[in-house]
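Asks: Let me see the structure of the following:
(chains A and B)
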Number of protein chains: 2
Amino acid sequence: MTDEVRRAWAYLSRVAEPPCPGLTALVAQQGPVEAAGMVKAGRGDSDLLSRVEARREFDCAADDLDVLDRMGGRLITPDDEEWPLLRFRALRGDKELKRRHAHPPLVLWAAGPVRLDEATERSAAIVGTRAATAYGEHVAAELAAGLVERDVTVVSGGAYGIDGAAHRAALACEGTTIAIVAGGIDNPYPSGHSALFHRIRQEGLLISEYPPGTAPGRLRFLTRNRLVAALSGATVVVEAGIRSGAANTAGWAKAQGRSVCAVPGPVTSAASVGCHALLRDGAHLVARAEEVVELVGRIGELAPEEAHPTGPLDQLEPAEKQVYDALPARGTLTVDEIAMLAAMAPHQVLGPLTMLEFAGLVESVDGCWRIVRGRRAVPRK
Amino acid sequence: MTDEVRRAWAYLSRVAEPPCPGLTALVAQQGPVEAAGMVKAGRGDSDLLSRVEARREFDCAADDLDVLDRMGGRLITPDDEEWPLLRFRALRGDKELKRRHAHPPLVLWAAGPVRLDEATERSAAIVGTRAATAYGEHVAAELAAGLVERDVTVVSGGAYGIDGAAHRAALACEGTTIAIVAGGIDNPYPSGHSALFHRIRQEGLLISEYPPGTAPGRLRFLTRNRLVAALSGATVVVEAGIRSGAANTAGWAKAQGRSVCAVPGPVTSAASVGCHALLRDGAHLVARAEEVVELVGRIGELAPEEAHPTGPLDQLEPAEKQVYDALPARGTLTVDEIAMLAAMAPHQVLGPLTMLEFAGLVESVDGCWRIVRGRRAVPRK
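Replies: Model (predicted):
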């Protein structure tokens, strides 16, 4: 990328509040340098010109690129191999998404050693409320650790609470994590997470569609959320209040055809109300990382079934159960007594007793029968 | 009911392990007295005779009825007005249920002032693991209290843990509760709940399809569970391990076309694993009694929506949000500065600013604009 092209991208990134589909279309048509020249000169259609009017004479591309370079960052443009074209497919095509002003970003400001396209081939977002409980942070960390262990990138928004717990656990397990922030990556919000963001820049990837120095705002958080969903195969909401940005991200995931997952929690916890609403609305209930991997993983990669303990008694036939139930916890019974208690004919009791004896569940003593305590049964086929 | 008829019912109740559809059919055809005579005399089809062979010569009906009378109890038979005919409809008709040996009871042994048919017109089962956590017992009690407050009978199995918490809360709120036990009502299991059972007999209803003195067994618990589900419009599982009788009751409820509900809990809690499995399997997620009432209640009785707080900012138009977002938390900006930050033309900023001022969200000071702290907004239509 020549300096001229880079400066054009940087200028275009700031000249309109993203996402600005008119500007994206102009750049796709004319290339960034020509598009930047047209915007600066006030040429183009009136709708686009009104979107850029406030900032078109204000060019701080060189300064922005200086900040980026000092951070060791890079611009990721649609012309780069790193551009996650497939991940942005839904944002490019879907009418309903367009109606909701969801469009692909024009360009991304990025810092970190991770390649965006590769890292998001197999990725899941872990998001949730800033007002997380100890339970929520614990589950977020467990899920993140389990995901990176299975080679899944953990995407989140870098916020306090669930987001931070997910990023931290991913880093602690030497996994890949991507933070997508709603302002400039030079001073990512919240500043209380500056040490965490520093680590993400060193070991993962910090990205934004906003140029350096941009302050995050309400709208920008919501706009950013569409990218969190877009860059993830599944979005897992760990804790969310009844009004939560995480539910917004889940909405973007659903609109883009991605899996929406929610972690249940105590019904007494306000921090789980949003998750329960998502579950009622059809979100996947997830408790373990494996269940998320199943949704983002390669085809055929299924979560192993949860261990389902079965005892020898589970394998009994109904008549055997009836006979076994008739035997007292302690003491012995005759066949006739068993028959009476089990409400079976004496000759019907003998077969089941033999099978139970063979299974090691009962034994006969002096012509009477009793339960074998400890039940170390011979497994049956 | 004559003494002869009562004795016939009592004899028939014990002569075969319930449910015994062949016996039920014979009684429906011949009446209880004639049916009892036939069974005692060894007449009838061979299948039925093998079911009654062990006990048919053993008649302790008079003793059983003595025990019942001393308890102040009664037999509830299909000939009584109190028999909950509609509640047993699914058990009478459904083929799949028949395959699973689910049939209506022959007769019920009952003690308590509550009328079974009336109490189960509007009823919900609250069931769950005996190994309940403090969370589970709390939620069971809250749900039971909320249900009886809304005139819904709380049905359960009288066990330790969730069952007990539900019965106790229903009684504490002076509501109606029914305990269905898997053995005789003269010595209901578990004996550690004898004080609770005593209160249920005084104020609610204690029932069983087993005659006095019958000990509960594994099979009988499972058989009993079909009645818990049958006598309830919805079954709510509050906590259940991965193997739990509560899941069995939920299965019966589903098979009978009743609503199955589950309460979510922490994914870190083994006592909620069964509930989460039910939720994955399509159970209704419930957190509050109102949501259960909706499922068992009269038609048109819907749960009120959970309070959904909205602030003045939620009602803003996109352009107003964009302008509001551009204003700093502290300090003032000129219209041109706002336009630049919001990426809007200065003339586009004026309308939104006026609306924001009208809503009490911003104010102008010496030609500049700032956010009004405290946001006591004028409500908009």
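Asks: quick one: secondary structure of A:Asn248?
Replies: Three-state assignment for A:Asn248 (DSSP: H, G, I helix; E, B strand; the rest coil): helix.
Asks: and the longest helix along chain A, how far out from the chain's middle?
Replies: For chain A, the helix that runs over the most residues, judged by DSSP state H, is helix A:134-149. From the chain centre to the centre of helix A:134-149 is a distance of 11 Å (Cα atoms, centre = their mean, to the nearest Å).
Asks: Looking at the backbone only, give me phi and psi for A:Leu85.
Replies: phi -60, psi -50 (degrees, to the nearest 10).
Asks: on that earlier part again, mean confidence (pLDDT) on the longest helix of chain A, please.
Replies: For helix A:134-149, the mean per-residue pLDDT is 98.
Asks: buried stuff in the worst-scoring helix or strand of chain A on mean pLDDT?
Replies: Ranking every helix and strand in chain A by mean pLDDT, DSSP states H and E puts helix A:95-99 at the bottom, with a mean of 73. For helix A:95-99, the neighbour count (16 or more other Cβ atoms under 10 Å in any protein chain shown) marks A:Leu97 as buried. (Glycine included, C-beta is placed from N, CA and C.)
Asks: related to what we said a few turns ago, residues in contact with the longest helix of chain A?
Replies: Residues from elsewhere that reach helix A:134-149, judged by Cβ atoms under 8 Å, 6 or more residues apart in numbering or on different chains: A:124, A:126, A:128-129, A:132, A:153-154, A:161-162, A:165-170, A:172-177, A:236, A:238-239, A:263, A:265-266, A:269, A:271-272, A:286, A:288-290, A:292-293, B:266-268.
Asks: of these, buried ones?
Replies: Using 16+ other Cβ under 10 Å as the burial test, the contacts of helix A:134-149 include A:124, A:126, A:128-129, A:132, A:153-154, A:161-162, A:165-170, A:173, A:175-177, A:236, A:238-239, A:263, A:265-266, A:269, A:271-272, A:286, A:288-290, A:292-293, B:266-267 as buried.
Asks: Now intersect these with the helices, please.
Replies: Mapping those onto helices (DSSP H) picks out A:Ile162, A:Ala165, A:Ala166, A:His167, A:Arg168, A:Ala169, A:Ala170, A:Ala289, A:Glu290, A:Val292, A:Val293.
Asks: Can you read off the pLDDT for A:Ala169?
Replies: On pLDDT, A:Ala169 comes in at 98.
Asks: try the one 10 residues further on
Replies: If you check A:Ala179, the pLDDT there is 98.
Asks: A:Ile162 too?
Replies: Note for A:Ile162: predicted pLDDT of 98.
Asks: again with A:Arg298
Replies: A:Arg298 is given a pLDDT of 54.
Asks: do the same with A:Arg376
Replies: A:Arg376 carries a pLDDT score of 45 in this model.
Asks: How about A:Cys368?
Replies: pLDDT for A:Cys368: 88.
Asks: Enumerate the beta-bridge partners assigned to it.
Replies: Taking DSSP bridges as the rule, A:Cys368 bridges to A:Val365.
Asks: measure it to B:Val67 for me?
Replies: For A:Cys368, the distance to B:Val67 equals 28 Å [Cβ to Cβ, to the nearest Å].
Asks: Please apply the same query to A:Gln202.
Replies: 78 Å.
Asks: cool, A:Gly175 as well?
Replies: For A:Gly175, the distance to B:Val67 - Cβ to Cβ - is 67 Å.
Asks: what residues does the stretch 101-250 of chain A put near chain B?
Replies: Residues of the stretch 101-250 of chain A lying close to chain B (Cβ under 8 Å from any Cβ of the partner chain) are A:His101, A:Tyr135, A:His138, A:Val139, A:Gly217, A:Arg218, A:Leu219, A:Arg220, A:Ile242, A:Arg243.
Asks: Pull out the buried members of the residues you listed.
Replies: Here, 16+ other Cβ under 10 Å leaves A:Tyr135, A:His138, A:Val139, A:Gly217, A:Leu219, A:Arg220 buried among these.
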